[in-house]
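S.K.: fold the following and give me the result.
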Amino acid sequence: QVHLVESGGGLVQAGASLRLSCAASGGTFNANVMGWGWFRQTPGKEREFVAAISWRGDSTNYADSVKGRFTISRDNAEKMVYLQMNSLKPEDTAVYYCAAKPFASSRPSDQYNYWGQGTQVTVSS
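M.R.: Below is the predicted model of the structure:
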């Protein structure tokens with residue numbers, strides 16, 4: 001069975017940076033064919049798309065609210081995906097989830113097969 005585990009969340013002040021990591025393990029997870037996504041959710045709101053990288057790694061996509069501040073990257077050998085978050089704002093406060101899907105593009109509408117449990121990011125003003 002495939003497991004995704006996020007790490008790197010925490011409490012920071014506005015303007016700071018964090019790097020989230022997501023590690024895959026178990027099952028027959030082939031990172032070479034996986035597209036990855038990052039999503040976030042706050043209480044009472046639906047989960048929203050943040051960023052994605054295609055399975056070939058040749059395409060990325062970002063929510064308008066994070067463009068220019070967040071960067072998604074991947075390491076197939078380590079079966080990991082990262083989200084570098086710079087210039088954090090209080091409105092970035094949320095639980096962040098990573099997700100993976102074989103042969104996924106970087107479209108926000110991709111339906112991901114695997115999900116992590118989430119990591120909390122809190123940005124104070």
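S.K.: ranges for the strands of this structure?
M.R.: 3-7, 10-13, 18-25, 34-41, 48-53, 60-62, 70-75, 80-85, 94-102, 114-115, 119-124 (DSSP state E).
S.K.: between those strands, which one is nearest to residue 108?
M.R.: Residue 108 lies closest to strand 48-53 among the strands of the chain, at 3.9 Å (Cβ to Cβ). Any C-beta I mention is one placed from the backbone N, CA and C, and that applies to glycine too.
S.K.: what about that closest one, average pLDDT?
M.R.: The average of the pLDDT scores along strand 48-53 is 97.
S.K.: any chance of the strands of the chain in JSON lines, plus mean neighbour count and distance to residue 108?
M.R.: Listed next are those as JSON lines, based on neighbours: other Cβ atoms under 10 Å; distance: least, Cβ to Cβ, whole Å:
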{"stretch": "strand 3-7", "mean neighbour count": "18", "distance to residue 108": "18"}
{"stretch": "strand 10-13", "mean neighbour count": "13", "distance to residue 108": "26"}
{"stretch": "strand 18-25", "mean neighbour count": "19", "distance to residue 108": "17"}
{"stretch": "strand 34-41", "mean neighbour count": "24", "distance to residue 108": "8"}
{"stretch": "strand 48-53", "mean neighbour count": "22", "distance to residue 108": "4"}
{"stretch": "strand 60-62", "mean neighbour count": "18", "distance to residue 108": "6"}
{"stretch": "strand 70-75", "mean neighbour count": "18", "distance to residue 108": "12"}
{"stretch": "strand 80-85", "mean neighbour count": "23", "distance to residue 108": "15"}
{"stretch": "strand 94-102", "mean neighbour count": "22", "distance to residue 108": "11"}
{"stretch": "strand 114-115", "mean neighbour count": "19", "distance to residue 108": "15"}
{"stretch": "strand 119-124", "mean neighbour count": "17", "distance to residue 108": "19"}
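S.K.: let me know the pLDDT of the most centrally placed residue in the chain.
M.R.: In the chain, the centroid-proximal residue (Cα atoms, centre = their mean) is residue 38; its distance is 2.5 Å. What the model reports as pLDDT for residue 38 is 98.
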